[in-house]
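>>> What follows is a predicted protein model with its sequence.
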Amino acid sequence: MTVRLRRSLPRIPDRFAAVGAVLIVLVVLAAVFAPLIAPYPVDEVKPVDSLLGPSGAHWFGTDQVGRDVFTRVLYGGRTSLFVAVAVLVAAALVGVTLGMVAGYVGGWVRDVIMRVTDVFLAFPALLLSLALAVVLQPSVTTVILAIAVTWWPWYARLGASMAASIATRSYVDAARCLGVPAPKIILRHVLPNSLTPVLVQVSLDAGGVILTSAALSYLGLGAQEPTAEWGLMVEQGQSLFTTNWWVVAFPGLAILVTAFAFNVLGEGLRNALDPRRVAVK
């Protein structure tokens, strides 16, 4: 009786996934309400207070020009999360759309789209992002564009495989027989039934996008002063790590925690929503 009751109840999410979800909520809330939480203006410069260690007045200490590190970490979360959302929305929108068309239509249309996708996938994503960022003017917009261009092929492949699988199902065949146009079939039947794996992939990719964005800013190809951005803050404080560790440690820790949270949440969602895993349970 106990075994049957357990099987009838919803499966408890993975503990790590729950921890990841809590961390993400905290990071998002801290970024959204940064103007209310931050104890100092984000660009307030006080040379007399430069390189002060963590204390009650400055929880994360101050940087080389006296700016409060805690305040800049909060605002840096805004920049990093904005880049992640913009990149994933653009990549998923372009990639899933092309993938759906390729998987549903098939034939030469699929071949052309998949060959273009293969060309982009032939290059390491970080190297291609670096090449694009070098050509363009360093900025947050450049980071979004450079990463999105390298990220959409993964969603195109995912969308194509899902569309090809759903296109053979009976309700799609019935819609075709009734004369429903292909765009309506894709929007009403194929796309809604493909959203779950896409959402899981988005949650898995968010951490990678944040790391890539931080890497580009660290190399001087992304956000520029006076913008608060975690990767840029790490670059500015790297030479002080042995003497004034807090300047680089706290933004680096923010990158690590946020990327970890998105990764474990994505893994948990994938395990919870995998039909083969549910069937075994």
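Looks like it arrived, so ask away.

>>> Quick test: name the residue nearest the centre of this protein.
By Cα atoms, centre = their mean, the chain has its centre lying nearest to Ala206, at 1.8 Å.

>>> got the contact list for Gln238?
Gln238 sits next to Val248 when contact means Cβ atoms under 8 Å, 6 or more residues apart in numbering. All C-beta atoms are positioned from the backbone trio N, CA, C, and that covers glycine.

>>> Would you mind listing the buried residues in the helix ranked longest in the chain?
Ranked by residue count, the top helix of the chain under DSSP state H comes out as helix 69-105. By neighbour count on 16 or more other Cβ atoms under 10 Å, the buried set for helix 69-105 is 69-81, 83-84, 86-88, 90-92, 94-105.

>>> Show me how far that helix is from its chain's centre.
Mean-position distance between helix 69-105 and its chain equals 6 Å (Cα atoms, centre = their mean, to the nearest Å).

>>> Please pull up the helix or strand immediately following it.
Later in the chain than helix 69-105, the nearest helix or strand by DSSP states H and E is helix 107-121.

>>> just checking, what packs against that next one?
Packing contacts for helix 107-121, counted by 3 or more Cβ pairs under 8 Å, 6 or more residues apart in numbering; DSSP states H and E, involve helix 69-105, helix 140-166.

>>> Save those helices as TSV, and put in distance to Ser213 and mean pLDDT too.
Below are those laid out as TSV (distance: least, Cβ to Cβ, whole Å; pLDDT from 0 to 100):
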stretch	distance to Ser213	mean pLDDT
helix 69-105	5	91
helix 140-166	5	88
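
>>> List the buried residues in stretch 55-72.
Buried, per 16+ other Cβ under 10 Å, within stretch 55-72: His58, Phe60, Gly61, Thr62, Asp63, Gly66, Arg67, Asp68, Val69, Phe70, Thr71, Arg72.

>>> Can I get it as PDB, trimmed to CA atoms?
C-alpha atoms of stretch 55-72 as PDB (Å, rounded to 0.1, in the frame of the first residue of the first chain):
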ATOM      1  CA  SER A  55      33.600  45.400   7.200                       C
ATOM      2  CA  GLY A  56      30.200  46.600   8.600                       C
ATOM      3  CA  ALA A  57      30.400  49.700   6.400                       C
ATOM      4  CA  HIS A  58      31.400  47.800   3.300                       C
ATOM      5  CA  TRP A  59      30.400  44.100   3.400                       C
ATOM      6  CA  PHE A  60      32.500  43.100   0.400                       C
ATOM      7  CA  GLY A  61      35.100  45.800   0.800                       C
ATOM      8  CA  THR A  62      36.000  48.500  -1.700                       C
ATOM      9  CA  ASP A  63      37.900  48.500  -5.000                       C
ATOM     10  CA  GLN A  64      40.800  50.500  -6.300                       C
ATOM     11  CA  VAL A  65      38.800  53.800  -6.500                       C
ATOM     12  CA  GLY A  66      36.800  53.300  -3.400                       C
ATOM     13  CA  ARG A  67      33.600  51.900  -5.000                       C
ATOM     14  CA  ASP A  68      31.600  49.500  -2.800                       C
ATOM     15  CA  VAL A  69      32.100  46.000  -4.100                       C
ATOM     16  CA  PHE A  70      28.900  44.600  -2.700                       C
ATOM     17  CA  THR A  71      26.900  47.300  -4.600                       C
ATOM     18  CA  ARG A  72      28.700  46.500  -7.800                       C
END
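
>>> who touches that stretch?
34, 38-54, 73, 228, 233, 236-237, 240, 244, 246-247, 250-251.

>>> Could you rerun that using 6 Å?
With contacts defined as Cβ atoms under 6 Å, 6 or more residues apart in numbering, stretch 55-72 is touched by 38, 40, 42, 45-47, 49-50, 52-54, 228, 246-247, 250.

>>> Give me the buried entries from those.
Ala38, Tyr40, Val42, Asp49, Leu52, Pro54, Ala228, Trp246, Val247, Phe250.

>>> Which residue comes closest to the fifth one once chain neighbours are left out?
By that I understand Leu52. Thr62 (4.5 Å; Cβ to Cβ, 6 or more residues apart in numbering).

>>> Quick check on the one you found: phi, psi?
Here is the backbone geometry of Thr62 (degrees, to the nearest 10): phi -130, psi 160.

>>> Could you tell me the angle between the longest helix of the chain and helix 107-121?
150 degrees (axes from the mean of the first three to the mean of the last three Cα atoms, to 10 degrees).
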